[in-house]
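Peer 1: just to be clear, the model below is a prediction. Sequence and coordinates:
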Amino acid sequence: MSYPADYKYTKEHEWISVDGSKGTVGITDYAQSSLGDIVFVDLPKVGDPVKAGEIFGSVESVKAVSDLYSPVTGTVAEVNEALKDAPEKINADANATWMLKVDVSDAAELNGLLSAADYEKFVSEETGH
Amino acid sequence: MSTSSTPELRKTALNAVHRAAKAKMVDFGGWDMPVDCCGLTAEHMAVRTAVGVFDVSHMGDIQLRGPGSLAAVQKLCINDASKLQAGQAQYSAMLYPNGTFVDDVVVHKLSDNDYLIVINAGTREKDVQWVRQVIGGMPSVHMNDFSDYYTQLAIQGPFAQRTLQKLTPVDLGPIKNYWFTWGQVAGLHNVMIARTGYTGEDGFEIYIPSDEPTSARVWNEVLEAGKEFGILPCGLGARNTLRLEAAMALYGHEISDSINVFEAGLGRYAKFDKGDFVGRDALVKVQEEGGPKRKLVGLEMIERGIGRDGYPVFSLEGQRIGEITSGSPAPFLKKNIALAYVPVESSEVDTEVAVEIRGQKVKAKVVPTPFYKRPKK
């Protein structure tokens, strides 16, 4: 498992990478591994609002459905349409496969997210390893 | 989500082998079982196109012996065990007096006066108690719970025979579907070798001693034998999608103590001319009253979305008519499929319905089952 140090993380296993006011959102390596073969991603539309800590979509593997939680509040600026036909890209490289780009409305919210080290610790506590 | 081991969970003799192989483990009916060994889709495809091996030692095994054993099996189970020859098995079920399921089972006739009933893992204790209760007053039959005596391996797929053949001098070719024999496997004598399975594919189930070293050795020998055919160790995730494509029932989903045999579409296994069995009167009554009101059907999603276990099913007019019992993407068929109970009047093939997927209605249609049927040789 790898968790890039320049990303921020949620306890619901999303990552966000922020460049100025633009946040790029995906799910973590741990999340993709736990889900297994991902077959379906349901994402919002460009222009939809998202809210920190609230559900913005879902990801499904063969065996399970998992809700996606937005790390920040803002507006959807871009959606990774390629995931519609090739959701397995998330399994192949979760850190490089983004789902949404969001215009972040409150940069201060980022301070409430986990660092890579804290997230890794959180995951190991959650799984008991 | 937690992958940590909980002390109360029961383990098969291969638990350490699965953990060492980094299989993802889950609690399945109180058992710590591998759900995913090498990726569910890859495992599923291996079974459809090559070969896969499953640890199904959590299944239970009840033996009924003695001059009264046939009468006991006939009373307990819906199918007609008097038709079995030694070395033959049949799909059957144990019912409550009201015609609903205690469990679905496979009855093996070992010899005259000797039957082995293979039962589900999650219902083991209940089944054993039920058998005791039903046969308690019956003469000349003795019951043994041999569930913990066997490690049961399922070797499944078009290359299952060639894989297992490398480990046994028994000629596997002549063993017909749902027949079994005994012979040497991986150096072990008198291993029961059955041409049975729960994947919709050709394959075998072998019953070996359940000590850990023997179980691990045979598991590894099967993997080694199947290597040239692309064998994969498979978990319960693939077992579930494989049986769903083949539209085989799973206890707690398609069958339960609130579903009767006709609703589940298993009426053909209930043999009314064999004499009395537990649940018979209730089933006769269902027939007399015009048959079941609801029916298990296959659904295929038409619109984008995956109907899953427990999701409600609606008519296109918006009336709630039923529920999905098992639903999943089908890795081989590459469709989103489900089994669901709907009223008989909505059960015709091509009937369009809507599945509610997290608040949204998504169109599906009734399709024939099984969704997948293996090609004839």
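Peer 2: Nice, I can see it.
Peer 1: poorly predicted segments of chain B, please.
Peer 2: Within chain B, the stretches with pLDDT under 70 are B:1-7, B:377.
Peer 1: run through the residues of it sitting next to chain A.
Peer 2: For chain B, the contact set with chain A under Cβ under 8 Å from any Cβ of the partner chain comprises B:1-4, B:24, B:35-36, B:39-41, B:44, B:237, B:240-241, B:304-306, B:308, B:328-329, B:331, B:358. Glycine gets a C-beta too; all of them are placed from N, C-alpha and C.
Peer 1: restricted to strands, list the residues you listed.
Peer 2: Those of the residues of chain B next to chain A mapping onto strands are B:Lys24, B:Val35, B:Asp36, B:Ser328, B:Pro329, per DSSP state E.
Peer 1: ok, and the closest non-adjacent residue to the third one?
Peer 2: In space, not counting the residues next to it along the chain, B:Asp36 is nearest to B:Lys24; the distance is 4.2 Å by Cβ to Cβ, 6 or more residues apart in numbering or on different chains.
Peer 1: and the one you found, how many neighbours?
Peer 2: By other Cβ atoms under 10 Å in any protein chain shown, the residues close to B:Lys24 number 21.
Peer 1: contacts only, for it.
Peer 2: By Cβ atoms under 8 Å, 6 or more residues apart in numbering or on different chains, the residues touching B:Lys24 are A:Ser34, A:Gly36, B:Thr3, B:Pro34, B:Val35, B:Asp36, B:Cys37, B:Gly235.
Peer 1: for B:Glu289, state which of these is nearest.
Peer 2: B:Val35 (41.3 Å; Cβ to Cβ).
Peer 1: for the closest one, what are its contacts?
Peer 2: With Cβ under 8 Å, 6+ apart, B:Val35 has these contacts: A:Lys63, B:Ala23, B:Lys24, B:Met25, B:Val26, B:Phe28, B:Gly235, B:Leu236, B:Gly237.
Peer 1: for residue 102, give me its contacts.
Peer 2: Going with chain A. A:Val102 touches A:Ile16, A:Lys22, A:Gly23, A:Thr24, A:Val25, A:Val50, A:Ser70, A:Val72, A:Gly74, A:Thr75, A:Val76, A:Ala77, counting by Cβ under 8 Å, 6+ apart.
Peer 1: switch to chain B, please.
Peer 2: B:Val102 touches B:Ala93, B:Met94, B:Leu95, B:Tyr96, B:Thr123, B:Lys126, B:Asp127, B:Trp130, B:Asp257, counting by Cβ under 8 Å, 6+ apart.
Peer 1: each with direction, which strands does the one helix or strand it maps to pair with?
Peer 2: Remark: B:Val102 resides in strand B:101-111, with elements defined by DSSP states H and E. Here strand B:101-111 has these sheet partners by DSSP bridges: strand B:88-95 (antiparallel), strand B:114-119 (antiparallel).
Peer 1: list of residues touching the first one?
Peer 2: So that's strand B:88-95. Outside strand B:88-95, the residues that touch it by Cβ under 8 Å, 6+ apart are B:76-79, B:81, B:83-84, B:101-109, B:127, B:130-131, B:178-180, B:194, B:196, B:255, B:260-261, B:266, B:269-270, B:277-279, B:282-283.
Peer 1: in helices only, show me those residues.
Peer 2: If you go by DSSP state H, the contacts of strand B:88-95 have B:Leu76, B:Asp127, B:Trp130, B:Val131, B:Ala282, B:Leu283 in helices.
Peer 1: hmm, B:Ile231 is touching B:Ala50, no?
Peer 2: Yes. Counting by Cβ atoms under 8 Å, B:Ala50 is a contact partner of B:Ile231 at 6.7 Å.
Peer 1: common neighbours of these two, please.
Peer 2: B:Phe159.
Peer 1: which of those two has more neighbours?
Peer 2: B:Ile231 (23 against 18).
Peer 1: quick one, phi psi at the more buried one?
Peer 2: phi -60, psi 150 (degrees, to the nearest 10).
Peer 1: the nearest residue to it once chain neighbours are set aside: what's it in contact with?
Peer 2: Using Cβ to Cβ, 6+ apart and skipping residues adjacent in sequence, the residue nearest B:Ile231 is B:Val51, 4.7 Å away. Applying Cβ under 8 Å, 6+ apart to B:Val51 gives the contacts B:155-160, B:162-163, B:203, B:226, B:229-231.
Peer 1: okay, now residue 74: neighbour count?
Peer 2: Unless you meant another one, I'm taking chain A. A:Gly74 - counted by other Cβ under 10 Å - has 24 other residues nearby.
Peer 1: you answered for a different chain; I wanted chain B.
Peer 2: B:Gln74 has 19 nearby residues by other Cβ under 10 Å.
Peer 1: in a strand, it, correct?
Peer 2: No. Looking at B:Gln74 with DSSP: H, G, I helix; E, B strand; the rest coil, it is helix, so not inside a strand.
Peer 1: give the contact list for B:Glu345.
Peer 2: Per Cβ under 8 Å, 6+ apart, neighbours of B:Glu345: none.
Peer 1: how much space separates it from chain A?
Peer 2: According to Cβ to the nearest Cβ, to the nearest Å, B:Glu345 stands 30 Å off from chain A.
Peer 1: ok so that residue is a helix residue?
Peer 2: Yes. Using three-state DSSP, the secondary structure at B:Glu345 is a helix.
Peer 1: quick revisit: so which of the contacts of A:Val102 is the most crowded?
Peer 2: Most neighbours among these, by other Cβ under 10 Å: A:Val25, with 28 neighbours.
Peer 1: what helix or strand does that residue sit in?
Peer 2: Going by DSSP H and E, A:Val25 is in strand A:22-27.
Peer 1: same check on A:Ser124?
Peer 2: helix A:116-127.
Peer 1: can you list the residues of chain A near chain B?
Peer 2: A:34, A:36-37, A:39-40, A:58, A:60-63, A:65, A:126-129.
Peer 1: again, only using 7 Å
Peer 2: Selection of chain A residues close to chain B by Cβ under 7 Å from any Cβ of the partner chain yields A:Ser34, A:Gly36, A:Asp37, A:Val39, A:Phe40, A:Ser58, A:Glu60, A:Val62, A:Lys63, A:Val65, A:Thr127, A:Gly128.
Peer 1: now, those residues that are in helices?
Peer 2: Short answer: those in helices (DSSP H) are A:Ser34, A:Thr127.
Peer 1: in strands only, show me the residues of chain A next to chain B.
Peer 2: In this view, the residues of chain A next to chain B that belong to strands under DSSP E are A:Val39, A:Phe40, A:Ser58, A:Glu60, A:Val65.
Peer 1: ok, which pair from these is furthest apart?
Peer 2: Longest span within those, Cβ to Cβ: A:Val39 and A:Ser58, 11.8 Å.
Peer 1: between these two, tell me which one has more neighbours.
Peer 2: More crowded of A:Val39 and A:Ser58, by other Cβ under 10 Å: A:Val39, with 22 against 16.
Peer 1: who are the contact partners of the closest residue to B:Asn260 other than its chain neighbours?
Peer 2: Distance criterion Cβ to Cβ, 6+ apart; nearest residue to B:Asn260, sequence neighbours excluded, is B:Gly99 at 4.2 Å. Under the criterion of Cβ atoms under 7 Å, 6 or more residues apart in numbering or on different chains, the contact list for B:Gly99 reads B:Asn260, B:Val261, B:Gly279, B:Ala282, B:Leu283, B:Val286.
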